[in-house]
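Q: show me the folded form of this:
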Amino acid sequence: MLSILINAFKKSPQSWARTILSGVFMFVVLFIYKAYDIQQGISYSGHSLLFRAFSFGLSSSICFYLLEFFFFDRVKSKSLKSYFVLFTLEIFLGTNITFLLFNIFWNWTELLWSAYTLLLFEYTLIMIFPISLSFIFKIDNEKTKDSTPLDDYISFESDNGKDIFSLKTEQLLYIQSADNYVEIHYLSEKEHKQTLLRSSLKKIEEKYALHFTRIHRSFLINPQNIQNIIKNTKGVTIDLGFGIQVPVSKSYQKKLDSFLPHSSSYKNSNNKPVSI
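A: Reported below is the predicted structural model:
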C-alpha cells in the first residue's frame, strides 16, 4: 500500500502537493492562527474549533484531489491557460463546500450573499499559498529537467505505448518521417543503424525540443552531431558524418546560424544529399 502511494506521488508530485497543502494550510490558518475572527468556541451544531478546522481542511483537500486527478489528469495540453482554469475551479469548488460546511456548523444563519463573497475572498487568499508553492516547485523542476546534460539517455515511445526505444542522446543522428511512422537513425558501435517506430515528428519535437532541431518538414536532427554545413547548387545539406547528409529546406535555413559557432563553416560540395 505504501509503495502504491509513493509511486502515485512520484507520478504527479505537483498535484499531490496542491492536494495536501490546500488542506494543511486551511487547518493551520484557522486552528493555529485563528484567522478571520473565527469563532473559537463550540458551534451551534456542537462542534469544536478543532473539528471544524479539520473538516474545512479535509474538504479542501478532497476538492483539490477530485479536480487534480479526475479532471486535470485527462487534460492533454497542460498549458498556462489550463492551469488557470484548474486553479479557478479548485477555488470555486472549495469555497462552495466550505460555505456549505460553515452553514451546517452554524445552523444556516450565514446563508447570505455577503457572507459568501467574503468567504470567497478569504478562501482565495488562503489557497494562493499552496497553489503558488506547488507552481514554483513545478517551474524549478522543469528548469532542472532543462539543465539535464544532453548525453543522458532518451526514450521514444510508440503511440500505443507498447514499443519503447532508448539510447544515449549523443548516439542520435536524425529522425525521419515515414508516413505514420518515424525512422530513428543512430550510431551503435560506430555503425549507422535505424529503427522504425509508430509515432510522429511533431510529437517527438514537442517532447524533446531541447535535443532536436527541425531542418525540414520530414527531418529532425541532433545538433550535437553536426560535422559540416554544406552549400552547393542543389541547396544546403547537413553532414552528420559516416557518409550521412540530411537536406535543409529553405524555410529552415535561418536556423543554421545558431549552429555555425559550434560546427564547421559552409563549404562547397558536390555530394548528393539524402533523398526526400
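Q: list the contacts for the residue lying closest to residue 217 once chain neighbours are set aside?
A: Computed as Cβ to Cβ, 6 or more residues apart in numbering, the closest residue to residue 217 that is not its neighbour in sequence is residue 249, at 6.6 Å. No exception for glycine: its C-beta is placed from N, CA and C like everyone else's. Going by Cβ atoms under 8 Å, 6 or more residues apart in numbering, residue 249 touches 215-217.
Q: and if you look at residue 51?
A: Counting by Cβ under 8 Å, 6+ apart, residue 51 touches no other residue.
Q: which SSE is it in?
A: Using DSSP states H and E, residue 51 sits within helix 49-70.
Q: quick one: the strands in the stretch 51-200 of the chain?
A: Using DSSP state E, counting those that start in this stretch, the strands found in the stretch 51-200 of the chain span residues 153-157, 164-168, 172-178, 181-188, 191-197.
Q: please save the CA atoms from the fourth one in PDB.
A: Think strand 181-188. Extracted as PDB, the C-alpha positions of strand 181-188 are listed here (Å, rounded to 0.1, in the frame of the first residue of the first chain):
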ATOM      1  CA  TYR A 181       6.000   6.100 -38.500                       C
ATOM      2  CA  VAL A 182       9.300   7.700 -37.800                       C
ATOM      3  CA  GLU A 183      12.800   6.300 -38.700                       C
ATOM      4  CA  ILE A 184      15.200   6.800 -35.900                       C
ATOM      5  CA  HIS A 185      18.800   6.900 -37.200                       C
ATOM      6  CA  TYR A 186      21.500   6.400 -34.700                       C
ATOM      7  CA  LEU A 187      25.000   5.100 -34.100                       C
ATOM      8  CA  SER A 188      25.800   1.800 -32.400                       C
END
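Q: who touches that strand?
A: So strand 181-188 is in contact with 156, 165, 167, 171-177, 192-201, 204, 242, 244, going by Cβ under 8 Å, 6+ apart.
Q: same deal with the first one?
A: Applying Cβ under 8 Å, 6+ apart, the external contacts of strand 153-157 come out as 163-169, 172, 182, 184, 197, 199, 204, 208, 211.
Q: cool, the last one as well?
A: Contact with strand 191-197 is made by 156, 158, 163, 165, 173, 178, 181-187, 242-244, as judged by Cβ under 8 Å, 6+ apart.
Q: please, a ChimeraX command that selects the buried ones among the residues you listed?
A: Here is the ChimeraX command that selects the buried residues among the contacts of strand 191-197 (16 or more other Cβ atoms under 10 Å):
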select :156,173,182,184,185,186,187,244
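Q: which one of the contacts of strand 191-197 is nearest residue 228?
A: residue 244 (11.3 Å; Cβ to Cβ).
Q: where does the closest one land on pLDDT?
A: Residue 244 carries a pLDDT score of 88 in this model.
Q: now do the helices in the stretch 151-276 of the chain.
A: Along the stretch 151-276 of the chain, counting by DSSP state H, counting those that start in this stretch, helices occupy 201-207.
Q: good, we can wrap up now.
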